[in-house]
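In: Need coordinates for the below:
(chains A and B)
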Amino acid sequence: MGLELAEEQARNRFQSELEFVQCLANPNYLNFLAQRGFLREKPFVNYLKYLLYWKEPEYAKFLKYPHCLHMLELLQYEHFRKELVNAQCAKFIDEQQLLHWQHYSRKRTRLQQALAEQQQPQQQPPPHGNATAK
Amino acid sequence: AVCSMAVAEKSTKERLLCALDNLEVLARELIEMLALSRGQKLPQPGEDTQVLELLVQRDRDFQDLMEVAQQQGKVHQEMQLLEKEVEKRDSDIQQLQKQLKEAEHILATAVYQAKEKLKSIDKARKGSISSEEIIKYAHRISASNAVCAPLNWVPGDPRRPYPTDLEMRSGMLGHMANLPTNGVNGHLPGDALAAGRLPDVLTPQYPWQSADVSVGMLPPHHGNDFGLEPPGHNKENEDDVEAMSTDSSSSSSDSD
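Out: Numbering: from 1, shown residues only, chains lettered A, B, ... in the order given. Below you'll find the model as predicted:
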């Protein structure tokens, strides 16, 4: 009986930590945490360090949002934690994150365009750069 | 006017020269005496014999010394030969030393590089993951647009590379905190989907709150390392989403 309970507790802990660590991928959430002072508390900072175990492959494979690992690494630095109080900082991070997120699809679109141009050289002059890439 | 042969410190050369000097002196004396004796009688009768005897003796000494000198010369020559031998052996030894040092250096480098290779083999082995798993994972994070934006994404699209507010609230953490019954989105705890507030696009096929955890997969033990007081742990559960009340009495999921 006790074993089942312990197992369930462990599973719950796993799931809650899995969710929490992925929440760190959200810069707005980080800003939220920073503004409420959580990032200044030593126990929280220790917890962030503990969460680094999600970098190991046997745990990382459960992550759907891998961006969170990068954020987690950055969060180990006090300077980063301090800066997150700034809403502008969080907004900047969000923007850059989105741009990065779109990087591969933009690249792919450009590649498709280039292939299309190659196949029909007699057609109209090539369309301008990244009009559809955003 | 006699050089004492008992003085051991004097070199052979000095002694030879000394003896020669003596001979010269004696010879001169003798010649003077002979020259004098032409004219007159000797002042002292036996003096010429004395001088002659001394002369003969000195000559004998001189001859002896010459032999000694010759012997010493031979010894000196032998010494020089031996010295040359020693020099040759010395240079041989130095050459061997150089080669030994070189060999040691080469071996040390080889051993070091081999060790490095072993280290990197070890590292590679540790990090080795089946290609199937990697492909599965790559598919998982790509198909859900978690790392690559959907091709038709435009500003205004709610999809993000991170869990959104809604997703966060629909997770276990969201349910653990006490939600006010008239929550912002109007959905009750545990029933987010049923409340129909989650658009289809947000119900993930591969839920980010993965529930298919094998029994063996447990998070590393942490005890109460984080802070001195339990409230530090509670905060991790209550700091979820803006909409939730902060007086959540979420039970600590720490199993010890």
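
In: Helices of chain A, start to end?
Out: Taking DSSP state H as the test, the helices found in chain A are A:2-23, A:27-35, A:42-50, A:57-60, A:67-75, A:78-83, A:87-119.

In: which one of the ones you listed lies closest to chain B?
Out: Closest approach to chain B among the helices of chain A (Cβ to the nearest Cβ): helix A:42-50, 2.6 Å. Glycine gets a C-beta too; all of them are placed from N, C-alpha and C.

In: distance of the residue nearest the centre of chain A from B:Leu107?
Out: Nearest to the geometric centre of chain A sits A:His67, at 2.4 Å (Cα atoms, centre = their mean). As judged by Cβ to Cβ, to the nearest Å, A:His67 and B:Leu107 stand 49 Å apart.

In: give me every residue that touches the residue nearest to the centre of chain A.
Out: With contacts defined as Cβ atoms under 8 Å, 6 or more residues apart in numbering or on different chains, A:His67 is in contact with A:Ala25, A:Gln97, A:Trp101, B:Ala146, B:Val147, B:Pro161, B:Tyr162.

In: I'd say the second one and A:Leu30 touch.
Out: Which is A:Gln97. No - taking contacts as Cβ atoms under 8 Å, A:Gln97 lies outside contact range of A:Leu30: 10.9 Å.

In: of these two, who's got more company?
Out: Using other Cβ atoms under 10 Å in any protein chain shown, the more surrounded residue of A:Gln97 and A:Leu30 is A:Leu30, with 26 against 19.

In: Quick check: chain neighbours aside, which residue is closest to that one?
Out: Closest residue to A:Leu30 apart from its sequence neighbours, by Cβ to Cβ, 6 or more residues apart in numbering or on different chains: A:Leu84 at 5.1 Å.

In: For the one you found, the count of nearby residues, please.
Out: The number of residues packed near A:Leu84 is 22, by other Cβ under 10 Å.

In: Is B:Pro150 in a helix, a strand, or coil?
Out: State at B:Pro150, reduced to three classes by DSSP: H, G, I helix; E, B strand; the rest coil: coil.

In: Mind pulling the model confidence for the closest residue to it other than its chain neighbours?
Out: Spatial nearest neighbour of B:Pro150, excluding adjacent residues (Cβ to Cβ, 6+ apart): B:Arg159 at 6.5 Å. Looking at B:Arg159, its pLDDT stands at 89.

In: Can you report phi and psi for B:Arg159?
Out: Phi and psi for B:Arg159, reported as degrees, to the nearest 10, are phi -70, psi 150.

In: isn't it right up against B:Cys148?
Out: No - the criterion here is Cβ under 8 Å, and B:Arg159 misses it with B:Cys148 at 11.2 Å.

In: neighbour count winner among those two?
Out: Neighbour count, other Cβ under 10 Å: between B:Arg159 and B:Cys148, B:Cys148 has more, with 20 against 15.

In: Find the nearest non-adjacent residue to that one, please.
Out: A:Tyr104 (4.4 Å).

In: what residues are up against the one you found?
Out: Shown in contact with A:Tyr104 (Cβ under 8 Å, 6+ apart): B:Val147, B:Cys148, B:Ala149.

In: how about the helices of chain B, start to end?
Out: B:12-39, B:47-126, B:131-143, B:165-170, B:172-176, B:231-238.

In: How about the residues of the stretch 51-200 of chain B by chain A?
Out: Counting by Cβ under 8 Å from any Cβ of the partner chain, the positions of the stretch 51-200 of chain B adjacent to chain A are B:127, B:129, B:133, B:137, B:140-141, B:144, B:146-151, B:153-155, B:160-164, B:168, B:171-173, B:176.

In: for the stretch 51-200 of chain B, what are the low-confidence residue spans?
Out: B:177-200 (pLDDT under 70).

In: For chain A, what's the nearest residue on it?
Out: Nearest residue of the stretch 51-200 of chain B to chain A (Cβ to the nearest Cβ) works out as B:Tyr162 at 3.5 Å.

In: So what does the closest residue in space to that residue that isn't next to it in sequence look like in phi/psi?
Out: Counting by Cβ to Cβ, 6+ apart, B:Tyr162 lies nearest to A:Ala25, which is 3.5 Å off, once chain neighbours are set aside. When read as degrees, to the nearest 10, the backbone of A:Ala25 gives phi -70, psi -10.

In: Pretty sure A:Ala25 sits against B:Met168.
Out: No - counting by Cβ under 8 Å, A:Ala25 does not reach B:Met168; the two are 10.6 Å apart.

In: Looking at those two, which one has more neighbours?
Out: A:Ala25 (25 against 21).

In: And the more buried one, how far from B:Ser144?
Out: The spacing between A:Ala25 and B:Ser144, counted by Cβ to Cβ, is 13 Å.

In: Tell me how far B:Pro158 lies from A:Ala60.
Out: Distance from B:Pro158 to A:Ala60, by Cβ to Cβ: 26 Å.

In: So those two - more neighbours on which side?
Out: Counting neighbours by other Cβ under 10 Å for B:Pro158 and for A:Ala60 shows that A:Ala60 has the greater number, 14 against 10.

In: which ones are touching that one?
Out: A:Ala60 neighbours (Cβ under 8 Å, 6+ apart): A:Trp54, A:Pro66, A:Leu69.

In: Pull the number of nearby residues for the second one.
Out: In terms of burial, A:Pro66 registers 16 neighbours under the definition other Cβ under 10 Å.

In: Does it touch B:Ser144 like I think?
Out: No - if you go by Cβ under 8 Å, A:Pro66 and B:Ser144 don't touch, sitting 11.1 Å apart.

In: Can you tell me, leaving aside adjacent residues, what's nearest to B:Asn145?
Out: Excluding its sequence neighbours, the residue lying closest to B:Asn145 (Cβ to Cβ, 6+ apart) is B:Arg159, at 6.0 Å.
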